[in-house]
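Undergrad: got a predicted structure here, sequence first:
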Amino acid sequence: MTGYPRIALITGADSGIGKATAVTLAERGYDVGITFHSDEDGAKGTAEEVRGLGRTCAVRRHDLTDPVTAARVVDELADELGGVGVLVNNAGTGSSRPVLETDYDEWRSVVSVDLDGAFLCSQRAARRMIDQGGGGRIVNVTSVHEEYPRVGSGPYCAAKGGLKMLTRVLALELSAYGITANTIAPGEIATPMTGQEDRPPQPGDRPGYPLGRPGHAREVAAAIAFLADPSASYVTGASLFIDGALGLMGPQAAGALRSADWREG
């Protein structure tokens, strides 16, 4: 049995999946530390919801374009809350430019946020978990693009694929301490990051998706909460796809295309 504290740190929790995860874990009895990059009002809203559930919430700004400095908030939040049992690396950014048109600064910016930041935050959280004893949970939010490429998203796909493999190495190296490491790989989720509001997705508006709609942030949060729970102690090094079977559509979707517009991203 594990005995890690019911304290979860969640990066990028001002909206979308991060916010939904903070609220879901608070509902399940966790105190929560959250970070945000620019949406301070969104972070305050998340904190209010967590506190409204009777749980403690600590908030920090977190700029992962400077990942070495930003990762310090893991220790700051852990000190304020009294430890860390769960780390959810959710903060991320994307790209929408062909590889041949992507300059190095853009490449580094995306990889810094999506991979370097998760590496450094995981490192700090794992050290705290080991010192505490009792195990712990690391959940890295990647994307279906940890496995499947997308035109115009070279840095993003590279970072998410790298995070998948980093997570698997962490699973091996941290297993002796009772710490598990897994990825959650969402498909299209109705959040601000995909140009949508945090609202229930409309059924039937994605005919190319087997389930016919985007996902909801709370559906992803429920999967994260499962991996964060002590009952998931035998799940490590796994990638859990929350994509409505989108990833199964390769040959089926290719056969349905009637133009080469996909080459434009």
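TA: On my side now, so go ahead. Residues are numbered from 1 along each chain as shown.

Undergrad: ok, so what distance separates Arg61 from Gly12?
TA: Distance, Arg61 to Gly12, using Cβ to Cβ, to the nearest Å: 11 Å. Every C-beta, even on glycine, is put in place using the N, C-alpha and C of the backbone.

Undergrad: quick check: neighbours shared by those two?
TA: Overlap between the contact sets of Arg61 and Gly12, as judged by Cβ atoms under 8 Å, 6 or more residues apart in numbering, is given by Thr35, Phe36, His37.

Undergrad: any buried residues in stretch 150-170, and which?
TA: Residues of stretch 150-170 classed as buried: 150, 152-164, 166-168, 170 (neighbour count, 16 or more other Cβ atoms under 10 Å).

Undergrad: for Arg258, see how far away Gly117 is.
TA: In terms of Cβ to Cβ, Gly117 sits 40 Å off from Arg258.

Undergrad: same check on Ala190?
TA: Taken as Cβ to Cβ, the span from Ala190 to Arg258 is 27 Å.

Undergrad: do a quick rundown of the strands in the stretch 151-265 of the chain.
TA: 179-186, 239-242 (DSSP state E, counting those that start in this stretch).

Undergrad: relative to Tyr156, how far out is Ser109?
TA: 11 Å.

Undergrad: let me know how buried Leu248 is, in neighbour terms.
TA: Using other Cβ atoms under 10 Å, Leu248 is surrounded by 12 other residues.

Undergrad: hmm, Pro210 and it touching each other?
TA: Yes. If you go by Cβ atoms under 8 Å, Leu248 and Pro210 touch, sitting 6.8 Å apart.

Undergrad: re the thing from before, more neighbours, Gly117 and Arg258?
TA: Gly117 (29 against 5).

Undergrad: that's all I had, so thanks and see you.
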